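K.L.:
quick one, what's the 3D model for this:
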Amino acid sequence: MKKVQLFSDGSSLGNPGPGGYCTILRYGKHEKILKGSDPHTTNNRMELVGVIEGLKALKEPCQVTIYSDSSYVVKGIEEWLPRWRSKAFKGVKNPDLWREFLEVSSPHRIEACWVKGHSGHRENELCDKIAREMAERAKGSR
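P.N.:
Residues are numbered from 1 along each chain as shown. Coordinates of the predicted model:
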């Protein structure tokens, strides 16, 4: 099983407001950058969309380590999902995205690690910069 690193960050200008995400997939020396935006979203949605889009880009089952500065994403994956599933996501924010995460993550072995944002972590800083650019672009297209 290939070992892949997935670095992701999301941004929104207002909460809700225009938002963007960026994900870097790394396998060995190979890197792929994915990015996108939404004209009306929240920061947490963009954080999670980045992870989902990264997982959707994988062509085979992998061992994936997700790096995110979002406690919402990391704790959701590592701690909260079993309870949320058991109550059918009742009262949970963004159930559509969490269901999609479960679907796209199912072929993979997933570990989520929290990284401190704005602390000089190279990949997190790059994802943050691109996610903000995508949010600004979405703001300009409204």
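K.L.:
the closest residue in space to residue 126 that isn't next to it in sequence: which element?
P.N.:
If the residues on either side of it in the chain are set aside, residue 126 comes closest to residue 24, at 6.8 Å by CB to CB, 6 or more residues apart in numbering. Where C-beta positions appear, they are placed from N, C-alpha and C, glycine not excepted. According to DSSP states H and E, residue 24 maps onto strand 17-27.
K.L.:
the residue nearest to residue 126: neighbour count?
P.N.:
23 (other CB atoms under 10 Å).
K.L.:
which residues touch it?
P.N.:
5-8, 31-34, 123, 126-127 (CB atoms under 8 Å, 6 or more residues apart in numbering).
K.L.:
kindly report the same for residue 35.
P.N.:
20-23, 130-131, 134.
K.L.:
before we move on, back to that, with only the CA atoms kept, save the strand holding residue 24 in PDB.
P.N.:
Presented in PDB, the C-alpha positions along strand 17-27 are these (Å, rounded to 0.1, in the frame of the first residue of the first chain):
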ATOM      1  CA  GLY A  17     -18.600  34.000   2.700                       C
ATOM      2  CA  PRO A  18     -16.500  33.300  -0.300                       C
ATOM      3  CA  GLY A  19     -14.100  30.500   0.400                       C
ATOM      4  CA  GLY A  20     -11.200  28.500  -1.000                       C
ATOM      5  CA  TYR A  21      -9.200  25.400  -0.300                       C
ATOM      6  CA  CYS A  22      -5.800  23.900  -1.300                       C
ATOM      7  CA  THR A  23      -4.500  20.400  -0.900                       C
ATOM      8  CA  ILE A  24      -1.000  19.100  -1.600                       C
ATOM      9  CA  LEU A  25      -0.700  15.400  -2.300                       C
ATOM     10  CA  ARG A  26       2.800  13.900  -1.900                       C
ATOM     11  CA  TYR A  27       4.000  10.400  -2.800                       C
END
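K.L.:
next SSE after that strand?
P.N.:
By DSSP H and E, the next helix or strand past strand 17-27 is strand 30-41.
K.L.:
pLDDT wise, what is residue 142 at?
P.N.:
Looking at residue 142, its pLDDT is 56.
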